[in-house]
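> fold the stuff below for me.
(one chain, ligands or ions: 1)
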Amino acid sequence: MLDYFLTREQKIIVEVARQIGEDYIKPYAHEWDEKEEFDWRPIRAMAKADLFGIFIPKEYGGLGFGTFENCLAVETLSKYCAGVTTTFAASGLGAYPILIAGNKEQKAKYLPEIAAGRKLCAFALTEPQAGSDAASIKTTAQKDGDYYILNGIKQWITNGGIADIYIVIALTDPKKGARGASAFIVHKNDPGFAIGQKEKKMGLRASVTTELFFSNCRLPKDRLLGREGMGFIIAMRTLDLSRPGVGAQAVGLGQGALEMALHHTRRRIQFGQPVFNFQAVSHTLAEMAAKLEAARALVYSVARYIDSGAKSISGPSAMAKYLASETTMWITERAVQMMGGFGYMREFLVEKMMRDAKCLQIYEGTNEIQKNVIARELAKLDQEG
Ligand SMILES: Cc1cc2nc3c(=O)[nH]c(=O)nc-3n(C[C@H](O)[C@H](O)[C@H](O)COP(=O)(O)OP(=O)(O)OC[C@H]3O[C@@H](n4cnc5c(N)ncnc54)[C@H](O)[C@@H]3O)c2cc1C
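Below is the predicted model of the structure:
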């Protein structure tokens, strides 16, 4: 409803993403969800439209835009299917560590392939015993002359098996814990690297989530990103940059649910009139719209703040992810309720949206962890004051 004064280029990104959503996602979203099926068609369409290069600098073949433009694409695509968008966004998540810490050779080697969408990325931090407590990872990377030998297991990794490039956080100095973690670039075909089974999920079922196994996986030393010991810092900076994208995913998904509920309630006749005419229904839709717009405004502001080159982005980034995903969980649940039994039936995508929304409160750090981050930043402000 609001005008966010997008530039011509930003409007083009939205329009391109919308067209991909209409042509390559909308007709199949229900089927992919039912069959838990990943499909390359929308990914190829995004690649052809250069969407994978949105925030990659022009010198590496990207479009040279920032977090905000990426959020616009993610938001627009998520209205059609947050699962498909997870594949897109997770590839961006895997590209950030190379942008943040890659040397010239690494950037020149990997970024053009990523920007062109020829190679998808994945970001592998989580392990069976290390979720929120990411510092308790056990995967090791032992130095052996000009090589590192990786051993361990990563769990619930988006794009496992379909990505060619994996950013893996592993311990080069286990005694030091998080300060002994380093970030590595692993190729899909590296010996000693294997992909586990595809997980069966509640939502985001058009995306692929798997385990990754490392068994004496031998990497040349030029696969190290940054320096030894920087892995945890790279991972946290990556999440700071990507979390507004989860917020944008929530905003797009919420928009889809709102529009579906609006369309249905204005046509569903009970007691001789559209149920929208009952104030209990129209007020709920009004609340959905107002809360969604507030979430969108926050996500856009945070993304623009990041693009301004601001240094302290952890708190704002966590706020965008937290508030937008909570809002959309509520919106999708209300959308199901306002549509009654129709909302509950799998034929109507709104129940899928509710299942998809749940994960946005969990991945890239649960919303409890986002509140920990926000609280930590608040405490710092109080100290400074
Ligand atoms: C579909 C999907 C895709 C994913 N993709 C990736 C990926 O690509 N790469 C990757 O590395 N990871 C990925 N993850 C993992 C995801 O980031 C973790 O699931 C998430 O960080 C939470 O960890 P956990 O599931 O182990 O929950 P736990 O850490 O076991 O948390 C359980 C509960 O305890 C709460 N809790 C834990 N610690 C605290 C605390 N200190 N304060 C308050 N509450 C706390 C949590 O909020 C949660 O409610 C994915 C997960 C899913 C579901």
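> not counting the strand or helix carrying Ala357 itself, show me its contacts.
If you go by DSSP states H and E, Ala357 is part of helix 350-360. Outside helix 350-360, the residues that touch it by Cβ atoms under 8 Å, 6 or more residues apart in numbering are 29-30, 33, 81-83, 86, 201-204, 246, 249-250, 253-254, 256-257, 260-261, 321, 324-325, 328-329, 331-333, 335-336, 339, 343-346. Quick note: C-beta positions are derived from backbone N, CA and C, even for glycine.
> okay, the very next helix or strand once past it in PDB with CA atoms only?
Using DSSP H and E, the helix or strand that follows helix 350-360 in sequence is helix 367-384. The C-alpha trace of helix 367-384 is given here as PDB (Å, rounded to 0.1, in the frame of the first residue of the first chain):
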ATOM      1  CA  ASN A 367      13.800 -16.100  17.200                       C
ATOM      2  CA  GLU A 368      14.900 -16.700  20.800                       C
ATOM      3  CA  ILE A 369      18.500 -16.400  19.600                       C
ATOM      4  CA  GLN A 370      17.500 -13.200  17.700                       C
ATOM      5  CA  LYS A 371      16.100 -11.800  21.000                       C
ATOM      6  CA  ASN A 372      19.400 -12.700  22.700                       C
ATOM      7  CA  VAL A 373      21.300 -10.700  20.000                       C
ATOM      8  CA  ILE A 374      18.900  -7.700  20.400                       C
ATOM      9  CA  ALA A 375      19.200  -7.800  24.200                       C
ATOM     10  CA  ARG A 376      23.000  -8.000  24.000                       C
ATOM     11  CA  GLU A 377      23.000  -4.900  21.800                       C
ATOM     12  CA  LEU A 378      20.600  -3.100  24.100                       C
ATOM     13  CA  ALA A 379      22.900  -3.800  27.100                       C
ATOM     14  CA  LYS A 380      25.800  -2.400  25.100                       C
ATOM     15  CA  LEU A 381      23.900   0.800  24.400                       C
ATOM     16  CA  ASP A 382      23.100   1.200  28.100                       C
ATOM     17  CA  GLN A 383      26.700   0.800  29.000                       C
ATOM     18  CA  GLU A 384      27.800   3.300  26.400                       C
END
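> next secondary structure after the longest helix seen in the chain?
Scanning the chain for the longest helix, with DSSP state H as the assignment, gives helix 231-265. Moving toward the C-terminus from helix 231-265, the next helix or strand (DSSP H and E) is strand 269-270.
> residues contacting that following strand, please?
Contacts for strand 269-270 (Cβ under 8 Å, 6+ apart): Val275.
> point out where this protein drops to low pLDDT.
Residue ranges of the chain with pLDDT under 70: 385.
> hmm, back to that, contacts with the ligand among the contacts of helix 350-360, please.
Contacts with the ligand within these, as defined by Cβ under 6 Å from any ligand atom: 201, 204.
> which residues of the stretch 201-350 of the chain lie near the ligand?
Within reach of the ligand by Cβ under 6 Å from any ligand atom, the stretch 201-350 of the chain has these residues: 201, 204, 209.
> most neighbours among the residues you listed, which one?
Leu204 (27 neighbours; other Cβ atoms under 10 Å).
> SS state for it?
coil (DSSP: H, G, I helix; E, B strand; the rest coil).
> list the contacts of the residue lying closest to it once chain neighbours are set aside.
In this structure, Leu204 finds its nearest non-sequential neighbour in Gly83, 4.2 Å apart by Cβ to Cβ, 6 or more residues apart in numbering. Gly83 makes contact with 29, 32-33, 203-207, 356 under the criterion Cβ under 8 Å, 6+ apart.
> now do 10 Å
Contacts for Gly83 (Cβ atoms under 10 Å, 6 or more residues apart in numbering) come out as 25, 29, 32-33, 36-38, 201, 203-208, 352, 355-356, 359.
> which residues sit in contact with the residue of the chain found nearest the ligand?
Nearest to the ligand in the chain, going by Cβ to the nearest ligand atom, is Gly131, at a distance of 1.7 Å. Counting by Cβ under 10 Å, 6+ apart, Gly131 makes contact with 125, 155-156, 362-363, 365-366, 369.
> which entries within these meet the buried criterion?
Burial by neighbour count, 16 or more other Cβ atoms under 10 Å: within the contacts of Gly131 this picks out 125, 155-156, 362-363, 365, 369.
> next, the residue of the chain closest to the ligand: phi, psi?
phi -100, psi -100 (degrees, to the nearest 10).
> so which helix or strand takes in the nearest residue to Pro57 once chain neighbours are set aside?
Spatial nearest neighbour of Pro57, excluding adjacent residues (Cβ to Cβ, 6+ apart): Gly64 at 5.4 Å. Assessed by DSSP H and E, Gly64 sits outside every helix and strand.
> I'd assumed Gly53 was in contact with Gly64.
Yes: in terms of Cβ atoms under 10 Å, Gly64 counts as a neighbour of Gly53; the distance is 8.4 Å.
> which of the contacts of helix 350-360 are buried?
Members of the contacts of helix 350-360 classed as buried by 16+ other Cβ under 10 Å are 29, 33, 81-83, 86, 201, 203-204, 246, 249-250, 253-254, 256-257, 260-261, 321, 324-325, 328-329, 331-333, 335-336, 339, 343.
> now the residue lying closest to Arg223 once chain neighbours are set aside: how far from Cys81?
Excluding its sequence neighbours, the residue lying closest to Arg223 (Cβ to Cβ, 6+ apart) is Ile185, at 4.6 Å. Separation of Ile185 from Cys81 (Cβ to Cβ, to the nearest Å) stands at 29 Å.
> specify the local secondary structure of Phe342.
Going by three-state DSSP: Phe342 is helix.
> got a list of what the nearest residue to it once chain neighbours are set aside touches?
Of all residues not flanking Phe342 in the chain, Phe348 sits nearest, at 5.3 Å (Cβ to Cβ, 6+ apart). Applying Cβ under 10 Å, 6+ apart to Phe348 gives the contacts 30, 260, 264, 335-336, 339, 341-342.
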